[in-house]
Structures are given as structure tokens and as C-alpha cells.
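S.K.: this is the structure alone, sequence omitted:
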């Protein structure tokens, strides 16, 4: 039996990001709109700001840099936004970023996965994507902790 490692890697990355995405949405579901933007500790982040950050992170490192979407990132705003978008907009943008991740990763060739990521500190594209999934998981854990503090 032959295994296509490229398909296996891409499927694993997509599955993990989509699972983490669903867990984050479920975790913040019981929060009020005010709680979504509450920073329970200082210095710290709110669940809403972390969702903005994850959305920006995927749109920048995957969408713009690998998929050519033209996304322009304002990383600082992800953590300092005072004009909080409505929950529906926040989550729709989060959903769109994860859907874009799927589209871009599914389209990657073996050669592209093995090529240098446009962000040099991420190494090759495959390693960079693994790093981004780990980053996503880290913030998923932080969101879980924030929700427990608020509830």
C-alpha cells in the first residue's frame, strides 16, 4: 500500500486547524458580548482579541504570503482594538480565515510545501504551517482559560 505523504500532511494540518476553530467557537459561545472583550487579567488578552489575532495570523501567513490574497495585516490592532466588531462579524471573519486556510493548503504542491516560506523565520512552508497550527493551539488553550476565569 502506497501512502501519499503530501495528502496526509495537508489533511492533518487542515483537520487540526478546523478542530481548534470549532473548539474556540464552542468555548466562547456562552460568553456575553461584554465578556467576549473582557481582559480578565492585566496584562492580558480577551477571547475576542485572540480571535482577531488568529484571524489576522492565518490571513497574513497563509492567505497573503502563500495564497496571494493581498491581505494587509495590522497586528497591533489585533490586540488593542477598541472598536470591537460585533460577535457575528468577528466569528464570520474567523470562519472565513479557516476556510481560506483549507483552500490554500489543499492547493499546495509537494514542491511548494518543501520550498522556503516567504517569512524566513518559519523555514520551509511545511514547517511554517506546523508552527502556525501549534500557535493556533496555544491560543485555543488561552481562550479556554479566559472563559473559565469569566465564568
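M.R.: Yep, it's here. Computed from a prediction, not measured in an experiment: that's the story for all the values here.

S.K.: longest helix of the chain?
M.R.: Ranked by residue count, the top helix of the chain under DSSP state H comes out as helix 125-150.

S.K.: just checking, what packs against it?
M.R.: helix 5-28, helix 47-58, helix 110-113 (3 or more C-beta pairs under 8 Å, 6 or more residues apart in numbering; DSSP states H and E). For the C-beta atoms, the positions are set from N, CA and C on the backbone; glycine is no exception.

S.K.: list the buried residues of the longest one.
M.R.: This points to helix 5-28. By neighbour count with 16 or more other C-beta atoms under 10 Å, helix 5-28 contains the buried residues 6, 9, 10, 13, 14, 16, 17, 20, 21, 24, 27, 28.

S.K.: just how off-centre is that helix within its chain?
M.R.: Relative to its parent chain, helix 5-28 has a centroid offset of 10 Å by C-alpha atoms, centre = their mean, to the nearest Å.

S.K.: next: the second one.
M.R.: Centroid separation for helix 47-58 versus its chain: 7 Å, with C-alpha atoms, centre = their mean.

S.K.: what residues does the following helix or strand past that helix touch?
M.R.: The element immediately downstream of helix 47-58 (helix or strand, assigned by DSSP states H and E) is helix 65-67. In this structure, residues lying in contact with helix 65-67 by C-beta atoms under 8 Å, 6 or more residues apart in numbering are 100, 103, 104, 107, 108, 112, 117, 118, 119, 125.

S.K.: pick out the residue nearest the middle of this protein.
M.R.: By C-alpha atoms, centre = their mean, the chain has its centre lying nearest to residue 54, at 3.6 Å.

S.K.: now that one: how far from residue 24?
M.R.: Look at residue 54 and residue 24: by C-beta to C-beta, to the nearest Å, they are 8 Å apart.

S.K.: list residues touching both of the two?
M.R.: The contact sets of residue 54 and residue 24 overlap at residue 94 (C-beta under 8 Å, 6+ apart).
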